[in-house]
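1. Curious how this folds, go ahead:
(one chain, ligands or ions: 2)
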Amino acid sequence: MRTDTPQTIHRKDYAAPNYLVDTVEMGFDLEPAATRVATRIAMYRNPAAAGRDIVLFGEELELVALRLNGKTLAKGDYRLAGHVLTIPAAPAKAVLEIETVTHPDRNTSLMGLYVSNGNFFTQCEAEGFRKITFFPDRPDVMAKYTVMLRADKKKYPVLLSNGNLVEQGNLPDGRHYAKWEDPFKKPSYLFALVAGDLVCQEEKYKLKSGREVLLQVWVEEGNLDKTQHAMDSLKNSIAWDVDRFGLELDLDRFMIVAVGDFNMGAMENKGLNIFNTKYVLANPRIATDVDFANIEAVVGHEYFHNWTGNRVTCRDWFQLSLKEGLTVFRDQEFSADMIGTDSGRAVKRIDDVRVLRQAQFPEDAGPMAHPVRPDSYVEINNFYTVTIYEKGAEVVRMYQTLLGRKGFRKGMDLYFKRHDGQAVTCDDFRAAMADANKRDLTQFERWYSQSGTPQVDASARYDAKGKILELTLEQTCPATPGQKKKQPFHIPVAVGLLDAKGRDMPLKLEGESGADATGTRVLELTKARQTFRFTGVNEAPVPSILRGFSAPVVLKVDYSDAELAFLMAHDSDPFNRWEAGQRLAMRRLLNLTVAVQAARQSGHVVAVDTVLNNIEHDGALADALRATLNDASLDPAFRELALTLPSETMIAEQMEVIDPHAIHIARQFLRRSLARALRDDLLAAYRANRVPGAYSPDAASAGRRALKNVALSYLAELDDAEALSLAQCQDEEANNMTDRLAALAALLNSTASGKSEALQGFYDEFESEALVIDKWFTLQATARDADVNTVRSLAGHPAFTLKNPNRARSLIFSFCNGNPSAFHALDGNGYSFWAEQVIALNGSNPQVAARLARSLDRWRKYTPALQEKMRLALQQVASSPNLSRDVSEVVTKALA
Ligand code: ARG
Ligand code: ZN
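-> Numbers count the residues shown, from 1 in each chain. Ligands and ions are numbered 1, 2, ... in the order given. From the prediction side, this is the model:
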């Protein structure tokens, strides 16, 4: 905890480290109350740096001994100021020996070395290694590590670290040891150890090259019936990276360990990935289809980091997206390839874009907006954001869109050829892409340096005489913190032209010779405004723009309702087909929201429904959705996405002033009226998409379940006997968690009796499954009739604790971020609750507290009454004592 003003770190201040490290030897005497760490660091002066001081970082450490080249350093030989230990004017070669003591059982931040359910774990990214020992804890210092672990053999039978196990044996007093050696140079943030009472599923696996490796998934006793999917996902990841990028596993052993207390999703420590249990443990009884898919994605993500992140790492934390954006792109492609079909790929793409729009677009328009490569930060842990990850992945995807798959691969190959074993920058990556393809990607750099979501305005003009279609694209980008004026981006815009029958037309730009391409072509928008002229266009087309969401921008086009329905029915690009439906629905939702507000203003609160019923006279949306719902040629997973209305958060982002209650009423109204209009079709879809037989999480079965369950959730809006009995039967008969949860959610949002019995039954059945109890909390926090009192009383439940991040997220975050109309209650009680929770978490886990603090990011966009209450809550947090750097940065920026 700090009391001084937190410092801002700037990218422009980057300086190479004075000393580099050859080898690190570490010895751990593991005890929960006090763990002794002896570290021996062989350092040498960096020829590329001017300074002669050795600079080490250390936090929350007791320094027991410090020796330089065999000589103990006295107090006057070094300076310890805050978290920085400086040894001035050191010799060119320095062997540092450091002894420190840490207190893992008191470490609630879950950074550094900590205890979870009696076992030891580490989390070192970004700056956790400095909580284990004093070290030049920065990613551009790469070294080889040897680690000796010593612990009580009964309590901690399993001792793991990075690399290969080279020795193990017994010690006096019931203790034992294990020695690990990592053959690869790595930055300290990739260090890891695990010690405890764990069991593993293991398998020998033959790589494509013929080399045999050992794969292990470590969990607590009793969880071995939940590791198969993670193991399968790991093997699929290994095979995929060879196939797609020619990248093979470089170690003889690869371990995944699951831990119940974890701040994030997972961590790519070299050879010893540590995972939140949420992204490892699965079987049909406890995990949903979405969980299965997430596990595959996260296992892939961490595995892919072995090359994009570990073999080639980041020079400094401003370059975080170099590894994260690229690795998210890789895991997205992996998941898409695992589905295998074109329609499956499209569904995955839509899912990913939904996340981007729902979370990243608001971030990019709010007080924490930052470029993909930030210029400054106060606390780096606050920059593990959707911008770094998801927008970063979009930026990488644009290279592939501009260069083609082959060209992208050439760029990747050159990147590894140039930089294997190095700590590099986003500019290095861009240079590899440009050089390998002999392309000028200078302007593309703005995707890294400018924040904010660009807007592209498209307009088309058809000249029947000349058979020319003129497409004008204009780009702008709103001001963001610290960036008033923006330069034009280099934007790939994939377009197609549909004829009256809905078929793709030939695409030839004026002045081009050769055969016409039919289908999609990528236009490159590089200026503020550009006009593209297509020739030989025989009839007035409907343009399909930004196919596949070829760039992370907001596209404005003036389509009529009829044109949108036409695109929804015919576009050969599945993304834009879905998008057309979403545009149609959004239009409707915004009109309804305005109508709710107007009715309220005129005092006709009770008449809102009547008002809405009166404006809901045209059935265009219902007709279009019915056609999609009943189109058997479409993937069920796609139909489910098409039927899902834009979320309340998405609608909010479209409004000048956010009125969460009006949005909620409008969206619920539309759901109910669609349910009424489509009742028979929904019932038919429900029946047709039951999946018989044993559960399998494959995409086709999951898609059918998704469609069936979205039908159920619409039908439940009608609150009639038939819908409720469907839900009841499903709850009783389901052989998997996906169907159980869907049924329970439908019941909870209805007027059915016996809700609390159903909830209690579910709790009793799954009491020993922490991940399912998380779902139980989330279900109630996001239920339609939940309010802050519901959540307060759940927070008093014996199973609730703020100390476990998954549990805190399941209740508190789910309510604050996932139940907008209840959270933004007019009395402001949601905000007081939020402030209390942020302050409580700040004391135990600043990183998780800072995440929750971001729930009020968009406060300036709300109605004046809500704004004022949100500001007060933010100020309450900002002025509370002992504020961590993490939370302070978030609330300071929000209030600025
Ligand atoms: N590198 C990890 C991943 O994306 C995330 C670790 C973030 N940890 C943190 N404390 N900020 O896979
Ligand atoms: Zn990552």
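2. The chain against ligand 2: which residues are in contact?
-> 324, 327 (C-beta under 5 Å from the ion). From N, CA and C alone the C-beta is placed, and that goes for glycine too.
3. Show me which strand runs longest in the chain.
-> Determined from DSSP state E, the single longest strand within the chain is strand 175-187.
4. Not counting that strand itself, show me its contacts.
-> With C-beta atoms under 8 Å, 6 or more residues apart in numbering as the test, strand 175-187 has contacts from 138-153, 157, 159-171, 250-251, 270-271, 310-311, 313, 421, 423.
5. all helices for the stretch 651-800 of the chain, in order.
-> Here the stretch 651-800 of the chain has its helices, by DSSP state H, counting those that start in this stretch, at 660-677, 679-688, 699-718, 721-733, 737-748, 755-766, 770-781, 788-795.
6. Using TSV, please lay out these together with mean pLDDT and distance to residue 44.
-> Output for the helices of the stretch 651-800 of the chain, formatted as TSV (pLDDT from 0 to 100; distance: least, C-beta to C-beta, whole Å):
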stretch	mean pLDDT	distance to residue 44
helix 660-677	95	59
helix 679-688	98	68
helix 699-718	97	52
helix 721-733	95	66
helix 737-748	97	55
helix 755-766	96	56
helix 770-781	98	47
helix 788-795	98	53
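7. re the thing from before, what strands flank the longest strand of the chain, and is each parallel or antiparallel?
-> Counting by DSSP bridges, the strands paired with strand 175-187 are strand 142-152 (antiparallel), strand 164-170 (antiparallel).
8. per-residue confidence for residue 604?
-> pLDDT, residue 604: 62.
9. Likewise for residue 243?
-> For residue 243, pLDDT reads 98.
10. For it, give me phi and psi.
-> Per-residue torsions, residue 243: phi -60, psi -50 (degrees, to the nearest 10).
11. Now for it: which residues touch it?
-> Contacts of residue 243 by C-beta under 8 Å, 6+ apart: none found.
12. I'd like the distance from it to residue 122, if you could.
-> Taking C-beta to C-beta, to the nearest Å as the measure, residue 243 falls 32 Å from residue 122.
13. ok, now residue 572?
-> Distance from residue 572 to residue 122, by C-beta to C-beta: 50 Å.
14. Compare the two (neighbour count), which wins?
-> residue 122 (25 against 16; other C-beta atoms under 10 Å).
15. from the chain's centre, how far out does whichever strand or helix holds the more buried one sit?
-> Here residue 122 sits within strand 119-123, counting by DSSP states H and E. Centroid separation for strand 119-123 versus its chain: 23 Å, with C-alpha atoms, centre = their mean, to the nearest Å.
16. And the contacts of that strand?
-> Strand 119-123 is contacted by residues 30, 32, 35, 104, 110-115, 128, 132, 151, 156, 191-198, 220, 257, 259, 261-263, 267, 269, 274 when judged by C-beta under 8 Å, 6+ apart.
17. And for stretch 621-631?
-> Applying C-beta under 8 Å, 6+ apart, the set of residues contacting stretch 621-631 is 564-565, 568-569, 581, 584-585, 588, 634, 639, 642-643, 673-674, 677-678, 681-682, 684-685.
18. Could you pull out the buried residues of that stretch?
-> For stretch 621-631, the neighbour count (16 or more other C-beta atoms under 10 Å) marks 621, 622, 624, 625, 626, 628, 629 as buried.
19. Packing partners of the host helix or strand of residue 835?
-> Assessed by DSSP H and E, residue 835 sits inside helix 829-844. Packing partners of helix 829-844 (3 or more C-beta pairs under 8 Å, 6 or more residues apart in numbering; DSSP states H and E): helix 788-795, helix 814-818, helix 820-823, helix 846-853, helix 864-878, helix 885-895.
20. picking that back up, now the helices of the stretch 651-800 of the chain in a markdown table, with mean neighbour count and distance to residue 76?
-> Output for these, formatted as a markdown table (neighbours: other C-beta atoms under 10 Å; distance: least, C-beta to C-beta, whole Å):
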| stretch | mean neighbour count | distance to residue 76 |
| --- | --- | --- |
| helix 660-677 | 20 | 61 |
| helix 679-688 | 17 | 78 |
| helix 699-718 | 23 | 66 |
| helix 721-733 | 16 | 72 |
| helix 737-748 | 23 | 63 |
| helix 755-766 | 14 | 61 |
| helix 770-781 | 21 | 51 |
| helix 788-795 | 17 | 52 |
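21. can I get these in TSV with distance to residue 337?
-> Output for those, formatted as TSV (distance: least, C-beta to C-beta, whole Å):
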stretch	distance to residue 337
helix 660-677	34
helix 679-688	28
helix 699-718	11
helix 721-733	32
helix 737-748	23
helix 755-766	33
helix 770-781	27
helix 788-795	40
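22. So which of these is nearest residue 439?
-> Closest to residue 439 of these is helix 699-718 (C-beta to C-beta; 34.8 Å).
23. Just the CA trace of the closest one, in PDB.
-> Only the C-alpha atoms of helix 699-718 are listed here, as PDB (Å, rounded to 0.1, in the frame of the first residue of the first chain):
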ATOM      1  CA  ALA A 699     -19.400 -27.400 -32.200                       C
ATOM      2  CA  ALA A 700     -22.300 -29.000 -34.100                       C
ATOM      3  CA  SER A 701     -24.000 -30.400 -31.000                       C
ATOM      4  CA  ALA A 702     -23.200 -27.200 -29.000                       C
ATOM      5  CA  GLY A 703     -24.800 -25.200 -31.800                       C
ATOM      6  CA  ARG A 704     -28.000 -27.200 -31.700                       C
ATOM      7  CA  ARG A 705     -28.200 -26.800 -27.900                       C
ATOM      8  CA  ALA A 706     -27.600 -23.100 -28.300                       C
ATOM      9  CA  LEU A 707     -30.500 -22.700 -30.700                       C
ATOM     10  CA  LYS A 708     -32.800 -24.800 -28.700                       C
ATOM     11  CA  ASN A 709     -32.000 -22.900 -25.500                       C
ATOM     12  CA  VAL A 710     -32.400 -19.400 -27.200                       C
ATOM     13  CA  ALA A 711     -35.800 -20.600 -28.300                       C
ATOM     14  CA  LEU A 712     -36.500 -21.700 -24.800                       C
ATOM     15  CA  SER A 713     -35.500 -18.300 -23.400                       C
ATOM     16  CA  TYR A 714     -37.800 -16.500 -25.800                       C
ATOM     17  CA  LEU A 715     -40.700 -18.800 -25.100                       C
ATOM     18  CA  ALA A 716     -40.200 -18.300 -21.400                       C
ATOM     19  CA  GLU A 717     -40.900 -14.600 -22.000                       C
ATOM     20  CA  LEU A 718     -44.500 -15.600 -22.700                       C
END
